[in-house]
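**Q** with the sequence up front, the predicted model follows.
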Number of protein chains: 2
Amino acid sequence: MDVWTVGVDLGGTKVAMGLVDPRQQIVARERIATHPERGAQDLVARMAACIARLSRQVPQGERLGAVGVCSPGPVDSQQGLLIDPPNLHGLQHTPLRAMLSEALGLPVNLEHDAKAAAWGEHLYGAGRKDSSMVYIVVGTGVGGAVIIDGAIYRGLANTAGEIGHVTLDPDGRLCGCGNRGCVETFLSGPFIARRYHLALHGVWPDGEPPVDAAVVSQRAAVGETLARDVLADAGRALGRAVATMGMVLDVELHVIGGSVAKAGDLLFASAREVLAHHCYGSVAERLRIVGNALGEDGPILGCAAQARALLGG
Amino acid sequence: MDVWTVGVDLGGTKVAMGLVDPRQQIVARERIATHPERGAQDLVARMAACIARLSRQVPQGERLGAVGVCSPGPVDSQQGLLIDPPNLHGLQHTPLRAMLSEALGLPVNLEHDAKAAAWGEHLYGAGRKDSSMVYIVVGTGVGGAVIIDGAIYRGLANTAGEIGHVTLDPDGRLCGCGNRGCVETFLSGPFIARRYHLALHGVWPDGEPPVDAAVVSQRAAVGETLARDVLADAGRALGRAVATMGMVLDVELHVIGGSVAKAGDLLFASAREVLAHHCYGSVAERLRIVGNALGEDGPILGCAAQARALLGG
């Protein structure tokens, strides 16, 4: 089927879009700032303009068939609604699928961003040889998604895989979700930055510390001991998260994505080291922790594949 | 189909057997001591004798069609093997299904005990109105099983649902599995007994303490504060376990079985109280923690149903 699609990764600060050809290659891109505070109408109009520009690159005689969008959760995929995404204030309860579909005159699919990225990695990336996998996104927050037997496992209310808000330490740091000691408070970018600040200066920073997680990674990569220790600690939390998923789901492959995952083995090595301390030895032996293969293209390709599926492709 | 079956719950100390009629009622029972140290041949011969006795109660013109057995894990259900069950020393690597099938001249199914109990509760007990559920067995150890969309979810190596050995506190008490601070070290009968001993006497007991978990439950039931506090602490660990399953699997119903679960709300009330501290509020609101409905009949009925399924019933 010679159908072209567009995949759209709607994030808190930017919207990344890609035109995807019938061989599932991204052949053109657009990127805009999200500005959620301007509201849904404004955002949809700007997204539709970008998609229209992309569609002009579809060759004569072929057509843009559908659009797949993903956004931070919670998302109601069935109804096509953004519910109350914490990083998209101004877009609560937006019927994004219907609005964008009307603006474009095309079928639109709406997916949770971690699930879209997982789906992309499952089809084309680090998970393409496994029928089941866990995907963990480590960025501003920590999210997750689960693929079982070649399908996204959603659970009863589409929230399966949310490992970021499983408690590791009930007396731990206060998380954005209101609880203490969630996986996110050990592993997300902002918390890695805070923990590095604490290690450097002996005090927990009030807001965003001056050195962010990307810089902590850079310093670790050039051998700074303190930065390496902070990332290794975060990696041990990742190991506990993976061991938990491994025991509950009995899935072997754990693919780690998101901006913080770019630290690679600075994070993954200590995660792998502690696995056997947090699950059966026989399970630990089977667990694999790998970085994602598609980077920021993962969600775009996952969304594009879901858009194609809307057309029966 | 007027097929009769036998369900067999093979435990570390006893084997409980039930003859199950075509309407899935247990109409006769046998019980023997396990004596795993005498080896597999001895056990299979004694089990077969009991099953033969039960089969004599099948009415003229009808027949005993198949037998379902469950045992502590790890179990290879596909090959019908006991692998290395820690409470069945002497029976390692026993091809139990083939041995019993040959002794009886009947088809035999072998299942992991937590999964058999979960299956019984799903079909006939506390889970019969839900298509998905988590089952947690709290006894000498802590095990688990997962039902998703009306089927047992096994994972890649049949170990899904093993919440008992997820770490709650990496600096916690040494668990039988060799790790520290597993769910089991807060929640199992022997650990409840040890924690009660510690609370009473100020020292962690070397071996089995004189007062066991059943007595702790009795004392809590009549209002002893110390016993109530110890059970409430165990309940909080159960709450963390359920919250973890809820976040990873997005399954709402959590059915709790096993000897320790007989404590009921002395255990469950504090579990329910802490749920919202360990997962999204929206998930916590949906999570339900209930006791099992079938007690020790659950695994027998689950095994019998699987035996019937062997015959296409």
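**A** Perfect, thanks for sending it. Numbering: from 1, shown residues only, chains lettered A, B, ... in the order given.
**Q** can you tell me how far the residue nearest the centre of chain A is from A:L54?
**A** Note on chain A: the residue nearest the mean C-alpha position is A:A114, at 3.7 Å, using CA atoms, centre = their mean. Distance, A:A114 to A:L54, using CB to CB, to the nearest Å: 24 Å. (Each C-beta comes from the backbone N, C-alpha and C, glycine too.)
**Q** again with A:W119
**A** From A:W119 across to A:L54, the span is 21 Å (CB to CB).
**Q** neighbour count: the two, which is higher?
**A** The residue with more neighbours, out of A:W119 and A:L54, is A:W119; 29 against 22, by other CB atoms under 10 Å in any protein chain shown.
**Q** how about stretch A:306-313 as CSV, C-alpha atoms only?
**A** What follows is stretch A:306-313, C-alpha atoms only, in CSV (Å, rounded to 0.1, in the frame of the first residue of the first chain):
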residue,chain,number,x,y,z
GLN,A,306,-0.4,3.4,14.0
ALA,A,307,-1.7,5.9,11.5
ARG,A,308,-1.1,3.4,8.7
ALA,A,309,-3.0,0.8,10.8
LEU,A,310,-6.0,3.1,10.8
LEU,A,311,-6.2,2.5,7.1
GLY,A,312,-6.0,-1.2,7.5
GLY,A,313,-2.3,-1.2,6.4
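**Q** chain center to it: distance?
**A** Its chain's C-alpha centre and that of stretch A:306-313 lie 21 Å apart, by CA atoms, centre = their mean, to the nearest Å.
**Q** buried residues in it?
**A** Buried residues in stretch A:306-313, counting neighbours by 16 or more other CB atoms under 10 Å in any protein chain shown, are found at A:Q306, A:A307, A:R308, A:L310.
**Q** excluding sequence neighbours, find me the nearest residue to A:Y153.
**A** Distances taken as CB to CB, 6 or more residues apart in numbering or on different chains place A:V146 nearest to A:Y153, at 4.3 Å, with adjacent residues excluded.
**Q** ah, wrong one, I meant A:H89
**A** Spatial nearest neighbour of A:H89, chain neighbours left out: A:P36 (5.9 Å); criterion: CB to CB, 6+ apart.
**Q** what do you get for A:P205?
**A** Closest to A:P205 by CB to CB, 6+ apart is A:H197, at 4.6 Å.
**Q** ok but that neighbour is inside a helix, no?
**A** Yes. Applying DSSP: H, G, I helix; E, B strand; the rest coil, one finds A:H197 inside a helix.
**Q** before we move on, the earlier item: which of the buried residues of stretch A:306-313 sits closest to chain B?
**A** A:Q306 (19.5 Å; CB to the nearest CB).
**Q** now the residue in the stretch 51-200 of chain A positioned nearest to chain B: how far from B:A114?
**A** Chain B sits closest to A:G155 of the stretch 51-200 of chain A, with a gap of 2.2 Å, by CB to the nearest CB. Going from A:G155 to B:A114 by CB to CB gives 20 Å.
**Q** likewise for A:L275?
**A** Separation of A:L275 from B:A114 (CB to CB): 23 Å.
**Q** please apply the same query to A:A221.
**A** A:A221 sits at a distance of 45 Å from B:A114 (criterion: CB to CB).
**Q** again with A:P72
**A** Distance, A:P72 to B:A114, by CB to CB: 36 Å.
**Q** what does A:I300 give?
**A** 41 Å.
**Q** quick one: contacts for A:S132?
**A** For A:S132, the contacting residues are A:V146, A:I147, A:I148, A:D149, A:G150, A:L249, A:V251, A:E252, A:L253, B:G155, B:L156, by CB atoms under 8 Å, 6 or more residues apart in numbering or on different chains.
**Q** kindly report the same for A:T185.
**A** By CB under 8 Å, 6+ apart, the contact set of A:T185 is A:L168, A:G172, A:R173, A:L174, A:C175, A:F191.
**Q** can you rerun that using 7 Å?
**A** Taking CB atoms under 7 Å, 6 or more residues apart in numbering or on different chains, we find A:T185 in contact with A:G172, A:R173, A:C175, A:F191.
**Q** re earlier: closest to A:Q92 among the buried residues of stretch A:306-313?
**A** A:Q306 (23.2 Å; CB to CB).
**Q** the closest one contacts A:N109, correct?
**A** Yes. With contacts counted by CB atoms under 7 Å, A:Q306 reaches A:N109, the gap being 4.7 Å.
**Q** who touches both of those two?
**A** Jointly contacting A:Q306 and A:N109 under the rule CB under 7 Å, 6+ apart are A:G68.
**Q** would you mind listing what in the stretch 151-300 of chain A touches chain B?
**A** A:155-157, A:159-163, A:165-167, A:170, A:177, A:179, A:240, A:244-245, A:247-252, A:277-280, A:283, A:286 (CB under 7 Å from any CB of the partner chain).
**Q** what does the stretch 1-150 of chain A put close to chain B?
**A** Taking CB under 7 Å from any CB as the contact definition, the stretch 1-150 of chain A meets chain B at A:S132.
**Q** how about 10 Å then?
**A** Residues of the stretch 1-150 of chain A lying near chain B by CB under 10 Å from any CB of the partner chain: A:G73, A:P74, A:I83, A:D84, A:D130, A:S131, A:S132, A:V134, A:G144, A:V146, A:I148, A:D149.
**Q** returning to what we had before: any idea how far the residue nearest to A:H89 is from B:T167?
**A** As for A:P36, its distance to B:T167 is 38 Å (criterion: CB to CB).
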